[in-house]
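A.B. asks: after the sequence you'll find the predicted model.
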Amino acid sequence: MDKTIELNLNFPDTKTRWENFLINQGITDFSSREVDVLDHSIGLIDEDGHLVGTGSIAGKVLKYIAVSNDEAVHGARFNQIVSALQEYLFGQKIYHSFVFTKAKYSSSFAHLGFNELAHTDTAAFLESGTPSIQDFLAKMPRIKNQNQKEVAAIVMNANPFTLGHQKLVQLASSENDLVYVFVVATDASLFKTSERMDLVKKGTANFNNVVVVSGGDYLVSRSTFPAYFLKSPDELITTQTAIDALIFKNIIAPELTIKKRYLGTEPFSRTTNFYNQSLQKILSPTIEVKIVQRFRDNEKIITATNVRQLIKNSDLKDISTLVPPTTMNFINDNYQILQERIKKGMNIDGN
Amino acid sequence: MEIKTVGVAGTLESSDIQIMISAGQNGIEVDLDSEVAKSYGDQIKKVITETLNKFGITNAKVKATDKGALDCVIAARTLAAAQRATETTDQPRLEVLQ
């Protein structure tokens, strides 16, 4: 019987052994972007002390899962690894997990109760446990006869909510019966998730057909789209944006009868630019994609990146031309806290 | 009995079953994954539902991933998950299994 053990990758010997095993199994990306985020790694040891399987956890995502296939009972090692990883997650009170895997392994995870949310030609994304995407969607606010109404969606990080965001919401509000504004739930930005959510709610309070909800794990989250939050190679961004777009198209939009998705053009962020292209390619024609030119203040393009830069440089008075009064009040009240976060190393050039 | 948290018991290994219990409103809803669901699906669901009812749970969402477990294993895993979900593991209710 194989035994599961904890692998401490901080030990160079253990790490080398782990890497060599994975390389033999065809996994070769050991960039710090991937490896540094691992919280826990386990190994499977056979009776002779050989490493015959491994798996890791990053947050609630299963990663680096591999088993050697010279085993007696087909699939037993794989099941043992996934069980052990889930047991670790349950111990952390995490009952909902995800896995990104090669498309050909999707069915192996499906046998263990994972539910496939999306797949491309090469990659698949699955979830397991509770609350599931159906639970997430069941909680969404709805209106009467929603399936006969014009329903649109906007996804934003709103770090922070600017006049540009407000005008985009205003446009969608004027053209539809109901607009879902999904706020990115991952807490990896200068403005915390609760603050971003609050500022979007306050900044859209005048539009009574707009509902502001969390994007949860499914819209540009650290689980579905980690590359949004970290500098990543093009190929990875393309795969992840495709998965994100497919989940929206195949699961979220049909359930909420969303027919349109509004996007702002993104002149400065390479990742967002990729994302917009990917959305356009995958969503249309099933879902109408409306790309709206960035709004300008005189000739200046309004972006949240710009606002963050001004906070860093203590240019408070220039910010007031870029954000609604609700966001301005928040910045005025919390400006020292925000500067403190930047000093502590919060990256403000990303998204 | 009130479900206070998510309760899990069991593994995904051969001859076992993994049971995950969370709060629900519409009776006992069992979402079962099993290679033998065609032949034994109803029986597996029956064992889970009866065990929960005996324990005192009448509303719950249950996600069960079966790997060929026998009825006694199904009942034992269900009870363990139920005790964890209701945070009552300090008072084992083994009589439920009889």
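C.D. replies: Arrived safely.

A.B. asks: residues touching residue 36, list them.
C.D. replies: In the absence of a named chain, chain A is used. With contacts defined as Cβ atoms under 8 Å, 6 or more residues apart in numbering or on different chains, A:Asp36 has no neighbours. No exception for glycine: its C-beta is placed from N, CA and C like everyone else's.

A.B. asks: hm, I was asking about chain B
C.D. replies: For B:Val36, the contact set (Cβ under 8 Å, 6+ apart) comprises B:66, B:68.

A.B. asks: tell me which helix or strand the residue of chain B found nearest chain A sits in.
C.D. replies: Minimum separation of chain B from chain A (Cβ to the nearest Cβ) falls at B:Thr65, amounting to 3.5 Å. Element membership for B:Thr65 (DSSP states H and E) is strand B:60-66.

A.B. asks: what helices and strands are in contact with that strand?
C.D. replies: Strand B:60-66 is packed against strand B:17-22, strand B:28-34, helix B:37-55, helix B:71-85, with contacts defined by 3 or more Cβ pairs under 8 Å, 6 or more residues apart in numbering or on different chains; DSSP states H and E.

A.B. asks: repeat that with 7 Å
C.D. replies: If you count contacts as 3 or more Cβ pairs under 7 Å, 6 or more residues apart in numbering or on different chains; DSSP states H and E, strand B:60-66 packs onto strand B:17-22, strand B:28-34, helix B:37-55.

A.B. asks: count of residues packed around the closest residue to B:Ile19 other than its chain neighbours?
C.D. replies: The shortest distance from B:Ile19 to any non-neighbouring residue, by Cβ to Cβ, 6 or more residues apart in numbering or on different chains, is to B:Ala81 (4.2 Å). Look at B:Ala81: counted by other Cβ atoms under 10 Å in any protein chain shown, it has 28 neighbours.

A.B. asks: for beta bridges, what are the partners of A:Ile42?
C.D. replies: Applying DSSP bridges to A:Ile42 gives these bridge partners: A:Glu6, A:Gly55.

A.B. asks: pretty sure A:Thr101 sits in a strand.
C.D. replies: Yes: checked against DSSP: H, G, I helix; E, B strand; the rest coil, A:Thr101 lies within a strand.

A.B. asks: who touches residue 82 in this structure?
C.D. replies: Unless you meant another one, I'm taking chain A. Shown in contact with A:Val82 (Cβ atoms under 7 Å, 6 or more residues apart in numbering or on different chains): A:55, A:112, B:12.

A.B. asks: looking at chain B here, not the other one
C.D. replies: For B:Ala82, the contact set (Cβ under 7 Å, 6+ apart) comprises B:7, B:21, B:52, B:55, B:57.

A.B. asks: quick one, helices of the stretch 201-350 of chain A?
C.D. replies: Along the stretch 201-350 of chain A, counting by DSSP state H, counting those that start in this stretch, helices occupy A:234-247, A:253-256, A:270-283, A:304-312, A:316-319, A:325-343.

A.B. asks: distance to chain B and mean pLDDT added to these, as JSON lines?
C.D. replies: Output for the helices of the stretch 201-350 of chain A, formatted as JSON lines (distance: least, Cβ to the nearest Cβ, whole Å; pLDDT from 0 to 100):
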{"stretch": "helix A:234-247", "distance to chain B": "20", "mean pLDDT": "90"}
{"stretch": "helix A:253-256", "distance to chain B": "17", "mean pLDDT": "98"}
{"stretch": "helix A:270-283", "distance to chain B": "29", "mean pLDDT": "90"}
{"stretch": "helix A:304-312", "distance to chain B": "36", "mean pLDDT": "92"}
{"stretch": "helix A:316-319", "distance to chain B": "43", "mean pLDDT": "89"}
{"stretch": "helix A:325-343", "distance to chain B": "32", "mean pLDDT": "94"}
